[in-house]
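*Asks:* any chance you can model this:
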Amino acid sequence: MDQQSHAGVSKRPLVERGWRYALVGAVCATAHNAIMIAADQVGVHYLLGTVISFLAVTPIGYALHSRFTFAEPLRFEALARFVGGVAMAYPISVAMMIVLCSGLGFSVAIATPIATVALFFWNFIAAHWAILPRLYLRRR
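*Replies:* Here you go, the predicted structure:
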């Protein structure tokens, strides 16, 4: 790692990371929505659809964000933090789907994009926390 990474500062400035994050987020959101809607179309309950999407989209999102958004190497520790961050939002996503689909009667095709947009900011913060190198406080 270079000196900037050791200091916990990304190799890419926030403005550049912002448009890159949005692009990767759009890819992940599209994949998630496609999985959810396809699962619903073949009769899979939306709760199982969220599990399928989580398992499919999370590793793709981590890899794209690490390499493209943040220009960081793939690291198991960062992957574990990324999965943890996404998993923390999972109950919120499920609750939103329950309210929107079962409570309000929205179709999965309508509810999924609403839930996806609502979780965008959580995912932005979680990805930064997970992937950017930690600040090392040890003295050399």
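*Asks:* centre of the chain to the helix or strand where Ala89 lies, how far?
*Replies:* Assigned by DSSP states H and E, Ala89 falls within helix 76-97. The chain centroid and the centroid of helix 76-97 are separated by 7 Å, computed with CA atoms, centre = their mean, to the nearest Å.
*Asks:* contacts for that helix next, please.
*Replies:* Residues outside helix 76-97 that contact it (CB atoms under 8 Å, 6 or more residues apart in numbering) are 46-47, 50, 54, 58-59, 61-62, 65-66, 72, 108, 111-112, 114-115, 118-119, 122-123, 126-127, 129-131. C-beta: built from backbone N, CA, C; applies to glycine.
*Asks:* let me know the pLDDT of the residue most central in space within the chain.
*Replies:* Central residue check for the chain by CA atoms, centre = their mean: the C-alpha nearest the mean position is that of Asn123, 5.0 Å away. Reported pLDDT at Asn123 in the predicted model: 82.
*Asks:* what's the answer for the one 4 residues further on, then?
*Replies:* We note a pLDDT of 83 for Ala127 in this prediction.
*Asks:* and it, which helix or strand is it part of?
*Replies:* helix 120-131.
*Asks:* show me what that helix is packed against.
*Replies:* helix 14-41, helix 46-64, helix 76-97 (3 or more CB pairs under 8 Å, 6 or more residues apart in numbering; DSSP states H and E).
*Asks:* with mean neighbour count and mean pLDDT added, can I get these in a markdown table?
*Replies:* Formatted as a markdown table, these follow (neighbours: other CB atoms under 10 Å; pLDDT from 0 to 100):
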| stretch | mean neighbour count | mean pLDDT |
| --- | --- | --- |
| helix 14-41 | 16 | 91 |
| helix 46-64 | 17 | 96 |
| helix 76-97 | 16 | 92 |
